[in-house]
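Asker: coordinates for the following, if possible.
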Amino acid sequence: MTHSRMPGREGQVLILFLLMLLAVLGVLALTLDYGFVLLSRRSMQAAVNAGALEGGRKLNSAGRNNAKILIGNIFDDNLDPSANPTTLNAGIEHSLVSVTSDQGTVLGNGNGSQDLFETRTQYLYRPLPELNESNAIHGDLVIGDFLEDSTSHTENSQYQRDDFDVTVDGDAFLVRLRRTPNRVGIANSLDRQVGVSSSGTGSPMLLGRLLPFVHSDGGFDIRQDGVTVRATAISQQQPIVNIGTSTDPLVYPALSFAKFPGGSEIFEITNPAYNLGTSVLLGDEVDNPNTIPSGYLPLLGTLDGMHYVLGFALREVDSNASGKVVNASPHLHQAKVALDLLTEEAYNFVLEGHLSLASEASSELAKMPVLRRAMD
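Answerer: Got it, this is the predicted structure:
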């Protein structure tokens, strides 16, 4: 007995193959475009994290300027911001995509590709924040207070946050980078204000433009406006708990002198004090404190006749002190070795004394910024 093939079977398989191929190409296109979005987001987040820490060192105009310069340098690998022909960036810009009047994609034939290569920098998003000296909440660089008890860490369309209060006397520094639509009627007016805020275009779709998205005549259209990408980081100044050792005159060292919080007397100490919780052997009172060099001065608390470091004050008496490099850390785990050597009573005494000093408005404790909240 012989079997005959059903007529048209080959044609059905070809149709199914083409449909499956279209689906696979669609997934590949969206995967590629999402990869560009993810790259942009990660680059922007790395930049704002670094910028927040740098700006948080000096909560003033100098801190703003330092944060701006640092973020600019992150995307400049030739260390010359006046001429940067390289390709470090936080994603591509919409100008790379050529479209027809009905938002279709134009496929080039290679003509002029060398010219595109020579001017490639105009197609890249390189963030450079505005200083925002007016300290507007929607600005790129904002000084304020971080509200750690808040349960919400998101922003609304006006860039209001429940975890951050704007005030020039605050102890926190917020840095914001964004890529948002710039099309008339769709753009947020808060995103591009000279001296206050800046934004790249939305991260554009490339292969995704070939997919049959429904064109929007009025509202947001992903093919025209791209994907919105935001990155925000907040640093907050925290008391220093560890001082590194150094003989470099350009670095602030831990001094072999100490004082009690609020007191004017300064005493010699016979052993170096580098960490919160270090037990210090106190010597004589210094006759002339003005002879003590610049550096970190341990602040002491006394329990059962023993003197323990409760924190550090930064002593600046050198005319060149403002140019010195910070040699300290506010991270509690840096002092863990010293704290682990204490009895339970001494351990509690040190931490309670440290927290009490940190909560005082007029505290002498030197502080440095730590990241408190990072949000994509």
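Asker: mind listing the helices for the stretch 101-250 of the chain?
Answerer: 113-118, 222-225 (DSSP state H, counting those that start in this stretch).
Asker: with only the CA atoms kept, save the last one in PDB.
Answerer: What follows is helix 222-225, C-alpha atoms only, in PDB (Å, rounded to 0.1, in the frame of the first residue of the first chain):
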ATOM      1  CA  ILE A 222       7.400  55.300  22.100                       C
ATOM      2  CA  ARG A 223       8.700  55.500  18.600                       C
ATOM      3  CA  GLN A 224       8.800  59.300  18.600                       C
ATOM      4  CA  ASP A 225       9.600  60.000  22.200                       C
END
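Asker: what distance separates it from the centre of its chain?
Answerer: In this view, helix 222-225 has its centroid 28 Å away from the chain centroid, taken as CA atoms, centre = their mean, to the nearest Å.
Asker: which strands or helices does it pack on?
Answerer: Based on contacts counted as 3 or more CB pairs under 8 Å, 6 or more residues apart in numbering; DSSP states H and E, there is no element that helix 222-225 packs against. Glycine gets a C-beta too; all of them are placed from N, C-alpha and C.
Asker: and it, what's buried?
Answerer: 222-225 (16 or more other CB atoms under 10 Å).
Asker: by mean pLDDT, show me the worst of the helices of the stretch 101-250 of the chain.
Answerer: Looking at these, the lowest mean pLDDT belongs to helix 113-118 (a mean of 59).
Asker: and Ile292, what does it touch?
Answerer: Residues in contact with Ile292 (CB atoms under 8 Å, 6 or more residues apart in numbering) are 255, 257, 266, 286, 315, 317.
Asker: can I get the buried residues of helix 222-225 in CSV with distance to Ala62?
Answerer: Formatted as CSV, the buried residues of helix 222-225 follow (distance: CB to CB, whole Å):
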residue, distance to Ala62
Ile222, 41
Arg223, 43
Gln224, 41
Asp225, 37
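Asker: wait, doesn't Ile143 sit right on Phe173?
Answerer: Yes. Here Ile143 lies in contact with Phe173, judged by CB atoms under 8 Å, at a distance of 5.9 Å.
Asker: ok, these two, which is more surrounded?
Answerer: Phe173 (29 against 22; other CB atoms under 10 Å).
Asker: quickly list what Gly311 is bridged to.
Answerer: Going by DSSP bridges, Gly311 is paired in beta bridges with Leu299.
Asker: ok, it to Pro330 distance?
Answerer: Separation of Gly311 from Pro330 (CB to CB, to the nearest Å): 10 Å.
Asker: higher neighbour count, these two?
Answerer: Remark: of Gly311 and Pro330, Gly311 carries more neighbours, 27 against 19, as counted by other CB under 10 Å.
Asker: before we move on, back to that, give me the common contacts of Ile143 and Phe173.
Answerer: The contact lists of Ile143 and Phe173 share 59, 63, where a contact means CB under 8 Å, 6+ apart.
Asker: then Asp318 would be within a helix, right?
Answerer: No. Asp318 is assigned coil when assessed by DSSP: H, G, I helix; E, B strand; the rest coil, not a helix.
Asker: burial check on the nearest residue to it once chain neighbours are set aside, number of neighbours?
Answerer: Spatially, and ignoring its direct neighbours in sequence, Asp318 is nearest to Ser294 (4.1 Å; CB to CB, 6 or more residues apart in numbering). Counted by other CB under 10 Å, the residues lying close to Ser294 total 19.
Asker: the residue most central in space within the chain: what secondary structure?
Answerer: Nearest to the mean C-alpha position of the chain, by CA atoms, centre = their mean, lies Asn49 at 1.6 Å. For Asn49, the assignment made with three-state DSSP gives helix.
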